[in-house]
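S.K.: need coordinates for the following:
(chains A and B)
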Amino acid sequence: NAGVMQNPRHLVRRRGQEARLRCSPMKGHSHVYWYRQLPEEGLKFMVYLQKENIIDESGMPKERFSAEFPKEGPSILRIQQVVRGDSAAYFCASSGWTGPTDTQYFGPGTRLTVL
Amino acid sequence: GQQVMQIPQYQHVQEGEDFTTYCNSSTTLSNIQWYKQRPGGHPVFLIQLVKSGEVKKQKRLTFQFGEAKKNSSLHITATQTTDVGTYFCAGMDSNYQLIWGAGTKLIIKP
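M.R.: The predicted structure follows:
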């Protein structure tokens, strides 16, 4: 019973590079959520996806950030041309077939450091 | 926009003392969920409250949901070192979006 998996666990990028964060939801889950957490702060919702669809991206910055959840494979959060302010922990969560009303189970997170 | 305010931001207690964190929403919530995040870890689901006035207990933890479904609290009796971490509430609004509180960090004084 694998839980939500995220990789890499730690990612270091230089300013201007691209960061790709991967999330494999819990088995049987088709709803994925991405959150960002700055040090000593709470979780900020970024985007909610179902397979092949973005349902709610109201928390996603308009530029440089994108997310996808293809029919096959993990969900990807992509940050282009990273800046120091992108340094944070990025958590992915998944929930079951009823979607947002179901409990969200979190992955271990990816800690992104931008040099 | 909709907000869930959570207080206090930090609470320092001696081991064995009680701890309480409060959440208040600007609007009525469909449900409220509580999560715990250990230092360096990820949020872990604790409980969900759905009904007005609901009270649920998990060992030393007591969770309450207000009558108006706008506020909630988590109370820990006789804290232990294993309780250390940040406790988050997350309220579900009418659009089924989870609105997260900023968290309350429980710190046990040495």
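S.K.: so where's chain A shaky on pLDDT?
M.R.: Filtered on pLDDT under 70, chain A yields the residue ranges A:1, A:99-100.
S.K.: and it, which residues reach chain B?
M.R.: Listed as neighbours of chain B in chain A under the rule CB under 8 Å from any CB of the partner chain: A:33, A:35, A:41-45, A:48, A:56, A:58, A:91, A:93, A:99-101, A:103-109. (Each C-beta comes from the backbone N, C-alpha and C, glycine too.)
S.K.: give me the subset of the residues you listed lying in strands.
M.R.: Among the residues of chain A next to chain B, the residues falling in strands (DSSP state E) are A:33, A:35, A:43, A:44, A:45, A:48, A:56, A:91, A:93, A:105, A:106.
S.K.: who is the fourth one paired with across the strands?
M.R.: Under DSSP bridges, the beta-bridge partners of residue A:44 are residue A:36.
S.K.: surely it and residue A:58 touch.
M.R.: No - taking contacts as CB atoms under 8 Å, residue A:44 lies outside contact range of residue A:58: 11.0 Å.
S.K.: out of those two, which sits in the busier spot?
M.R.: Shown here are residue A:44 and residue A:58; by other CB atoms under 10 Å in any protein chain shown, residue A:44 has more neighbours (14 against 11).
S.K.: now do the more buried one against residue B:83, distance only.
M.R.: The spacing between residue A:44 and residue B:83, counted by CB to CB, to the nearest Å, is 25 Å.
S.K.: over to residue A:92?
M.R.: As judged by CB to CB, residue A:92 and residue B:83 stand 26 Å apart.
S.K.: do the same with residue B:59
M.R.: As for residue B:59, its distance to residue B:83 is 11 Å (criterion: CB to CB).
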